[in-house]
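Participant: what shape does this take:
(one chain, ligands or ions: 1)
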Amino acid sequence: MDKSLTSRFEESPELDKAVRFILSTVPERFPEVFSVKYSLVFTTKDSPIHYAGQCQKVSDKVRFKTGLDYVISIYKNNFLQIAKEEQLKVLIHELHHIMLDERGRPRVRRHNEAEEFCELPTHDKYSSGVLDTLIRNLSMKPGEERL
Ligand SMILES: [Zn+2]
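Facilitator: Coordinates of the predicted model:
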């Protein structure tokens, strides 16, 4: 592959695993995620401001050609500096950006569209119940799902 791409983007089985853990533990909190296609990518690019993650809808032509609706970028340099719990918050937050419009088309939920869906994942109370459930599940099943 093009070296300029492989130097900036990476696959991350750990990220995929963490998202599978989130979605399988609290599927009811992400009903819309199951009806769209998204992909996660680790990027070494600098993030806009201080973000650790970003959820973007792809263009219609890319959707048409790839079947992908969203790309969730995780900014490796920032993400790896935060605690595991904060990393989960970031992933939960980015997944909560996924929603369908009234006609069932994928779009990105804006921060002001849900109560306490704060731009900063650490302040995002919209996701806090999800995190509590995840942590309970992690401590109940030691060794089963290691993040
Ligand atoms: Zn956000």
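Participant: and the least confident helix or strand in the chain by mean pLDDT, how far out from the chain middle?
Facilitator: The weakest-scoring helix or strand in the chain, judged by mean pLDDT, DSSP states H and E, is helix 128-140 (a mean of 81). Here the centre of helix 128-140 is set off from its chain's centre by 17 Å, with C-alpha atoms, centre = their mean, to the nearest Å.
Participant: contact partners of it?
Facilitator: The contact list for helix 128-140, computed with C-beta atoms under 8 Å, 6 or more residues apart in numbering, reads 21, 22, 25, 26, 29, 85, 88, 89, 92, 145, 147. C-beta here means a position set from N, CA and C on the backbone, and glycine is covered the same way.
Participant: got a pLDDT number for the third one?
Facilitator: Just to be clear, that refers to residue 25. Looking at residue 25, its pLDDT is 94.
Participant: residues contacting it?
Facilitator: 133, 134, 137.
Participant: out of those residues, who's nearest residue 44?
Facilitator: Closest approach between the contacts of residue 25 and residue 44, by C-beta to C-beta: residue 134, at 26.8 Å.
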